[in-house]
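Q: Just to be clear, the model below is a prediction. Sequence and coordinates:
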Amino acid sequence: MLIARLIAEPDGLETRLDAASAALEARGIRTAAAAMLEHCGEVLQISLPDGDVATVRELLGAHFDPCDLLVARDTIEVPRLFVSDMDSTMIGQECIDELADYAGIKPQIAAITERAMQGELDFPTALRERVGLLKGLEEGAIERCLGERIVPVGGARTLVATLKAHGCRTVLVTGGFHHFADPVAERIGFERVVGNRLAVADGKLSGALAGAISDADTKEATLREEAARLGEGARTLAMGDGANDIPMLQAADYGIAYRAKPAARAAASGWIERGNLTAALSLLGIPKADWVAG
């Protein structure tokens, strides 16, 4: 059994559902039932006896976009673990790009970031290159950047607070830096942070990293490690936007791509394109009356 849940524009919803059902039927996938989810009235739930997750995602996306969508096998329930990327997922910025602006080289670094997030560049190599370009920048620029540029995405605090209230452990794992991730995690409410560390000497960035690199493998390993501690059967949710989030998104029971690059969206079991981060709560079946303000 496949369960698909989506949030789309209400106008013409029935007509689009009929068209999507016909397209699924043409690919050999029968729609068993479709109805608005009880207690989450904006969510349309579609049950399918069988079928390929990727095909269902593709066809529902084609007929309902822009939409928020989650497709899963058997059941959708509140996860016991939430592991999320930071940059362009929990916050609306890429920290290294914004920090580069204080060094006067934002366009140069942002171009490398974009290619890395699209999966066109090896992430560790691209990270070292960008960090190297920041050599000599005053460490104080980080505090300025945090205060002036870094803003949580809409719904981030409510998403994390609500999941925690429902017994879910929350972990922020980033290819960015603890200098940013630690205060962001505290502000949003995450319980653990995994990330890179910028090396600093004499109050300036040295152009190097301190310790091992946090990359795509680290993100997946963190999810698996945390899930193992919770024991068999614990549902997991991962969220991200770039190519280095793909292994983590694929390893989770529910991998949601947030306003993501095409490669990440294609690899995920769902996405958020229409609403803010609280759309994930609706897709998980948590009524708004049970949301916790962050």
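A: Alright, I've got the coordinates. Numbers count the residues shown, from 1 in each chain.

Q: can you give me the strands for the stretch 151-294 of the chain?
A: With strands called from DSSP state E, counting those that start in this stretch, the stretch 151-294 of the chain shows them at 169-177, 192-196, 198-201, 204-209, 236-240, 254-258, 270-272.

Q: got CSV for the ones you listed, with mean pLDDT, mean neighbour count and distance to Gly104 too?
A: (C-beta placed from N, C-alpha, C; glycine too.) Output for those, formatted as CSV (pLDDT from 0 to 100; neighbours: other C-beta atoms under 10 Å; distance: least, C-beta to C-beta, whole Å):
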stretch, mean pLDDT, mean neighbour count, distance to Gly104
strand 169-177, 98, 24, 19
strand 192-196, 98, 20, 23
strand 198-201, 97, 16, 18
strand 204-209, 98, 17, 14
strand 236-240, 98, 28, 29
strand 254-258, 98, 26, 30
strand 270-272, 97, 29, 34
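
Q: Would you mind giving the ones you listed as TSV with distance to Ala111 added?
A: Below are the strands of the stretch 151-294 of the chain laid out as TSV (distance: least, C-beta to C-beta, whole Å):
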stretch	distance to Ala111
strand 169-177	17
strand 192-196	20
strand 198-201	20
strand 204-209	19
strand 236-240	21
strand 254-258	22
strand 270-272	25
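
Q: Out of the ones you listed, flag the one nearest Ile286.
A: Each of the strands of the stretch 151-294 of the chain has some distance to Ile286 by C-beta to C-beta; the shortest is strand 236-240, at 11.8 Å.

Q: Compute the inter-axis angle for the closest one and strand 169-177.
A: 30 degrees (axes from the mean of the first three to the mean of the last three C-alpha atoms, to 10 degrees).

Q: gap between Pro107 and Leu133?
A: Applying C-beta to C-beta, to the nearest Å, the value for Pro107 to Leu133 is 12 Å.

Q: Any buried residues in the helix or strand Glu129 falls within, and which?
A: Assigning secondary structure by DSSP states H and E places Glu129 in helix 123-133. Applying a neighbour-count criterion of 16 or more other C-beta atoms under 10 Å, one finds Phe123, Pro124, Ala126, Leu127, Arg130, Val131, Leu133 buried in helix 123-133.

Q: unless I'm mixing things up, Ala260 is touching Gly242, no?
A: Yes - between Ala260 and Gly242 there is a contact under C-beta atoms under 8 Å: 7.1 Å.

Q: quick one on the thing from earlier: select, out of the strands of the stretch 151-294 of the chain, the one closest to Ala26.
A: Within the strands of the stretch 151-294 of the chain, the stretch nearest Ala26 is strand 270-272; the backing value is 22.5 Å (C-beta to C-beta).

Q: List the strands paired with the closest one, with their directions.
A: Strands adjacent to strand 270-272 in the sheet, as given by DSSP bridges, are strand 68-73 (antiparallel), strand 254-258 (parallel).

Q: How about residues contacting the first one?
A: In other words, strand 68-73. Strand 68-73 has contacts (C-beta atoms under 8 Å, 6 or more residues apart in numbering) with 1-8, 53, 56-57, 60-61, 76, 253-254, 256, 269-275, 279-280, 282-284.

Q: how about Leu37, what does it touch?
A: Residues counted as contacts of Leu37 (C-beta under 8 Å, 6+ apart) are Arg5, Val43, Leu44, Gln45, Gly285.

Q: Of all the strands of the stretch 151-294 of the chain, which one is nearest Val292?
A: Checking the strands of the stretch 151-294 of the chain against Val292 by C-beta to C-beta gives strand 169-177 as the closest, at 12.4 Å.

Q: Output that closest one as CSV, nothing but the C-alphas.
A: Listed in CSV are the C-alpha atoms of strand 169-177, where the atom choice follows Å, rounded to 0.1, in the frame of the first residue of the first chain:
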residue,chain,number,x,y,z
ARG,A,169,14.4,13.9,18.7
THR,A,170,15.7,16.8,16.6
VAL,A,171,19.2,17.0,15.0
LEU,A,172,20.6,19.8,12.9
VAL,A,173,23.3,18.5,10.5
THR,A,174,25.1,20.8,8.1
GLY,A,175,27.9,21.1,5.7
GLY,A,176,28.2,24.6,7.1
PHE,A,177,29.9,25.7,10.3
